[in-house]
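Sequence and computational prediction follow.
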Amino acid sequence: MSGRTEGGNVRSKPRRFTHFFATAFTALFLASAAHALTLSSQKDDLFAYPGILSSKDNGAFSVVDYQESRDIDKRDQVPERRVKAKYVSLGVRRQQQDLMLKTAAGNVRHVAVGRVEGAKLIVIYLHGQGGSRKQGVDDFTFGGNFNRVKNLAANNGGLYLSPDFSDFGDEGAAEVAALISHYAEKSPGAPVFVACGSMGGGLCWDLAGNSNIAKKLGGLLLLGSHGDDGFFGSAAFKRKVPVFIGQGSKDTVFPVKKQEAFYRAIRAKSAGYPVKFVRFENGTHGTPIRMMDWRETLNWMLAVR
């Protein structure tokens, strides 16, 4: 995708109880801290939406102005390949690791940026067809937006993950679920936000139906992706996990009308459900990945949890 197309003896019992209460207190503290967390600014003036053409549903549905001549050609040094330097902060690379996690579901190669333990929040990006873990940490493509989310996570005491996975079905979902469980255990109480690009949306919906994962979720972000009616019977839907849908009006892979209908179905089936839809007018398949405002979206999700 491009921007355009884009046990023990009696004496050990007090220790166990002390450990139990310490662990419980830590989890409660982290959960409370995450609930109150607001992500600090990261080049907001450069990444804010260029203009809101229209808005309805009390701001839940917005149409954002998008122009290739401005949002690609004037933003990138080399269109679609390298954004101008002012859009990126490369010091975050010092907190980036390429890792392999061995799980019961298989080995999961992934890139981790920020705190691998004691994180305040966890953000995961799942790529679409033809992508890899490297896409989600490329500082210069998609208008520097991956560099921004890396900085937002790392600079606010969080963790950002971009993994490889076997497929967009059950095997891939099991691998991602194992990755989430591993890092969630290391950061108890941290909300997990899963962003799915294009076909990666299938993994978002599979994870939503996993009751063990759903209780950890802070939000689902669908970027140029697709809906799934199975979501309405999922554990995530019952918990009212926030959903963000970003779609280009000229997306020929997943037509915008279908995604708008899915947004309306969510609202119809659950009054007051926390869901937002951003339509990028004249945008194509990769536009939401390039243009979505990570800070605004994550702060909204943190606020409504």
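The structure has been received and is ready for your questions. Numbering: from 1, shown residues only.

Let me know the helix or strand that the residue nearest the centre of the chain is in.
Centrality entry for the chain: nearest residue to the mean C-alpha point is Ala195, 3.0 Å, by Cα atoms, centre = their mean. Using DSSP states H and E, the element containing Ala195 is strand 192-197.

before we move on, the earlier item: the residue nearest to the centre of the chain - nearest residue in space that isn't next to it in sequence?
In this structure, Ala195 finds its nearest non-sequential neighbour in Leu221, 3.9 Å apart by Cβ to Cβ, 6 or more residues apart in numbering. Glycine gets a C-beta too; all of them are placed from N, C-alpha and C.

Spatially nearest residue to His127, not counting backbone neighbours?
Gln135 (4.9 Å).

how many other residues sit next to that neighbour?
19 (other Cβ atoms under 10 Å).

where's it relative to Val241, distance?
Using Cβ to Cβ, to the nearest Å, Gln135 is found at 24 Å from Val241.

re the thing from before, bridging residues for the residue nearest to the centre of the chain?
Beta-bridge pairing for Ala195 (DSSP bridges): Tyr125, Leu221.

From what I see, it and Ile124 are in contact.
Yes: with contacts defined as Cβ atoms under 8 Å, Ala195 counts as touching Ile124 at a distance of 6.8 Å.

Can you show me the strands along the stretch 201-305 of the chain?
Listed from the start of the chain, the stretch 201-305 of the chain has strands (DSSP state E, counting those that start in this stretch) covering 217-223, 243-248, 275-281.

just to revisit the earlier point, can you pull the contacts of the residue nearest to His127?
When the contact criterion is Cβ atoms under 8 Å, 6 or more residues apart in numbering, the partners of Gln135 are 125, 127, 141, 146, 162.

So for it, what's the pLDDT?
According to the prediction, Gln135 has pLDDT 98.

Give me the distance between it and Lys120.
Look at Gln135 and Lys120: by Cβ to Cβ, they are 25 Å apart.

same check, this time on Tyr273
25 Å.

neighbour-wise, which of the two wins?
Shown here are Tyr273 and Lys120; by other Cβ under 10 Å, Lys120 has more neighbours (22 against 16).

Which helix or which strand is home to that one?
Since the elements are taken from DSSP H and E, Lys120 ends up inside neither a helix nor a strand.

Hmm, Tyr160 and it touching each other?
No: with the criterion set as Cβ under 8 Å, Lys120 and Tyr160 do not qualify as a contacting pair; they are 12.0 Å apart.
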